[in-house]
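Colleague: The sequence and its predicted three-dimensional model are supplied below.
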Amino acid sequence: MSTTRRIDTTHAGSLPRTPELIAANDARRLAEDGFTLERTPEFESLLTTAVADLVRRQLDLGVTIVGDGEFGKAMTSAVDYGAWWSYSFQRVSGLSVTGSDIFSQQPVRSAPGDVRLTSFPDRRDWTIFAEAYQDPSSGISTGSTATAFPSTTGPLEYRGHDAIASDIANLRAALAETGAEQGFITSLSPGSGARIANDYYATDEEHIWAWADVLREEYAAIIEAGLTLQIDDPSIAENWDQINPEPSVEDYRAFTRIRVDALNYALRDLPEDRIRFHLCWGSWHGPHTTDIEFRHIADLMLAINAGQYSFEAANVRHAHEWKVWKDLELPAGKKILPGVVSHATNVVEHPELVADRIEAFASVVGAENVVASTDCGLGGRIHPQIAVAKLASLGEGARIATERLFG
């Protein structure tokens, strides 16, 4: 991380794709396996140019720690499981699509000492606000299109070598071309990968550890390329909403600890100062009244072997939780990357508000330990014009905070 006397800025990963890249992704054909998308020289050339242009735009907007926008992680109409994490299915073998969708899954009930994830439509936030979720005019409606996810039906193995090599090469080329000092690439956590159905491994815990073995290959490739690895893991916080009925905090922490241990196993012997961990409560634009409080899981987040921790803090459901850090000790040499602009609203945060949020965190952990970020990925969640405005506000707010904190 930067050692200069300034507030560095970054974002949580996904940024809006260009219309040309979206069209090119939609034109790609699926292989016979139903998962893998073809990689033509023409597409690769377009992707390389798009990533370089994106990095240049980030620098122009005041982002100092840049990413590839997840441009190499295809979100395409050719694949009918279009969630942010679906790219991982193209990089792992041992999966099958059964034809069922997430809205036809049966509810699963948990009990004390037996915590299990229920089906997506049985999430507590979705059931409490069922009328809103089913109303197309609400702005949070899930719509009528069901999303199919694969199941694990065989031994998991990593097969994304070409894809991650492309991601790495494109970002490294963009860094060299623009002079950007630091770049990061995102990758899925074992706990998030294992949220699909397990029809092969003996237990759900064994399923999680299998994902840890698989994803380590991608983690190591990013680190060995001289880049920073960001672990995307909403499961640490978001799983709470997908357990019905609501569990005790103690049971949930035990359920989550397995996922923390599996991730640390996957990260073993990799340098912590090149790893950042991203926690969020799920990116959907809903009420989030069933989110777990940050204070219940903050120490579990810090137990993850990373050097930097990214989390939602501009989200209006969690903006007050900066005060948790008054009683939570940040380990020496580590940094926090709080979100100071949100993906959950079209309102563009004023730079003065961004600066105030940065200063609040600086007051409790030290200005040298704060990197200003976004709550979550902006790609696919807000209009590209608004995303640009939010990044510009992020950069200007960090400049204001730098003047106040460092003089």
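Modeller: Received, thanks. Values in this document were obtained by computation on a predicted structure and should not be read as measured data. Numbering: from 1, shown residues only.

Colleague: what about residue 217, neighbour count?
Modeller: By the measure other CB atoms under 10 Å, the count of residues near residue 217 is 18. The C-beta positions use only the backbone N, C-alpha and C, and glycine is treated the same way.

Colleague: Sorry, slip of the keys, the one I care about is residue 366.
Modeller: Neighbours of residue 366 under the rule other CB under 10 Å: 13.

Colleague: could you pull out the strands for this protein?
Modeller: With DSSP state E as the criterion, the chain has strands at 65-67, 92-96, 151-158, 182-188, 197-198, 228-232, 275-279, 308-311, 335-341, 373-374.

Colleague: just the angle between the longest one and strand 92-96, please?
Modeller: When you say that, I think you mean strand 151-158. 170 degrees (axes from the mean of the first three to the mean of the last three CA atoms, to 10 degrees).

Colleague: what helices or strands is strand 151-158 leaning on?
Modeller: If you count contacts as 3 or more CB pairs under 8 Å, 6 or more residues apart in numbering; DSSP states H and E, strand 151-158 packs onto strand 92-96, strand 197-198, helix 204-224.

Colleague: so how far is residue 287 from residue 334?
Modeller: Per CB to CB, to the nearest Å, residue 334 is found 32 Å from residue 287.

Colleague: Which helix runs longest in this structure?
Modeller: Ranked by residue count and defined by DSSP state H, the top helix of the chain is helix 384-406.

Colleague: Please identify the most buried of the strands of the chain.
Modeller: strand 373-374 (a mean of 29; mean count of other CB atoms under 10 Å).

Colleague: contact partners of that strand?
Modeller: The contact list for strand 373-374 (CB atoms under 8 Å, 6 or more residues apart in numbering) reads 9-12, 310, 314, 337-343, 390-391, 394.

Colleague: 6 Å instead?
Modeller: For strand 373-374, contacts defined as CB atoms under 6 Å, 6 or more residues apart in numbering pick out 10, 11, 12, 310, 337, 339, 341.

Colleague: So in that sheet, which strands flank it, and in what orientation?
Modeller: Strand 373-374 pairs in its sheet with strand 335-341 (parallel), by DSSP bridges.

Colleague: so the strand it pairs with versus strand 275-279, what angle?
Modeller: Using the same axes, to 10 degrees, the inter-axis angle of strand 335-341 relative to strand 275-279 is 40 degrees.

Colleague: For the protein, which segments count as helices?
Modeller: 19-27, 41-61, 124-128, 130-133, 161-178, 190-193, 204-224, 235-238, 249-266, 298-302, 351-365, 384-406.

Colleague: Minimum distance to residue 140: which of these has it?
Modeller: Proximity to residue 140 (CB to CB) singles out helix 130-133 among the helices of the chain, at 5.9 Å.

Colleague: Could you give the average pLDDT over that closest one?
Modeller: For helix 130-133, mean pLDDT rounds to 90.

Colleague: name the helices or strands packed onto the longest helix of the chain?
Modeller: Helix 384-406 is packed against helix 41-61, helix 351-365, with contacts defined by 3 or more CB pairs under 6 Å, 6 or more residues apart in numbering; DSSP states H and E.

Colleague: In contact with residue 28, which residues are there?
Modeller: 37, 38.

Colleague: Model confidence at it, what's the number?
Modeller: The model's pLDDT for residue 28 equals 82.

Colleague: ok, now residue 263?
Modeller: pLDDT, residue 263: 98.

Colleague: Next, work out how far apart residue 69 and residue 286 are.
Modeller: From residue 69 to residue 286 the distance is 25 Å (CB to CB).

Colleague: Also residue 211?
Modeller: 26 Å.

Colleague: Ok, residue 330 next?
Modeller: Applying CB to CB, the value for residue 330 to residue 286 is 30 Å.

Colleague: more crowded one of the two?
Modeller: Neighbour tally, residue 330 and residue 286, criterion other CB under 10 Å: the higher count belongs to residue 286, 24 against 16.

Colleague: dump the residue contacts of the closest residue to the more buried one other than its chain neighbours.
Modeller: Among residues not flanking residue 286 along the chain, residue 140 sits closest, at 4.9 Å (CB to CB, 6 or more residues apart in numbering). Residues near residue 140 by CB under 6 Å, 6+ apart: 132, 285, 286.

Colleague: residues touching the second one, list them.
Modeller: Going back to what we said before, that points to residue 285. Counting by CB under 6 Å, 6+ apart, residue 285 touches 140, 344.

Colleague: for it, phi and psi?
Modeller: phi -90, psi 70 (degrees, to the nearest 10).

Colleague: just the helices of the chain: most buried one?
Modeller: helix 190-193 (a mean of 26).

Colleague: And for it, what's in contact with it?
Modeller: Residues from elsewhere that reach helix 190-193 (CB under 6 Å, 6+ apart): 85, 88, 208, 211, 212, 215, 233, 235, 259, 262, 263, 266.

Colleague: Now with 8 Å, please.
Modeller: Contacts for helix 190-193 (CB under 8 Å, 6+ apart): 85, 88, 92, 208-209, 211-212, 214-215, 232-236, 239, 256, 258-259, 262-263, 266.

Colleague: swap in stretch 113-128?
Modeller: Stretch 113-128 has contacts (CB under 8 Å, 6+ apart) with 102-103, 105-110, 133, 142, 195, 204, 239, 241-244, 246-247, 251-252, 254-255, 286-291.

Colleague: Can you add mean pLDDT and give the helices and strands packed on strand 151-158 back as JSON lines?
Modeller: Below are the helices and strands packed on strand 151-158 laid out as JSON lines (pLDDT from 0 to 100):
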{"stretch": "strand 92-96", "mean pLDDT": "92"}
{"stretch": "strand 197-198", "mean pLDDT": "91"}
{"stretch": "helix 204-224", "mean pLDDT": "98"}
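
Colleague: what's the closest of these to residue 36?
Modeller: Evaluated with CB to CB, the helices and strands packed on strand 151-158 place strand 92-96 nearest to residue 36, the distance being 9.5 Å.

Colleague: Parallel or antiparallel, which strands does the closest one pair with?
Modeller: When DSSP bridges is applied, strand 92-96 pairs with strand 151-158 (antiparallel).
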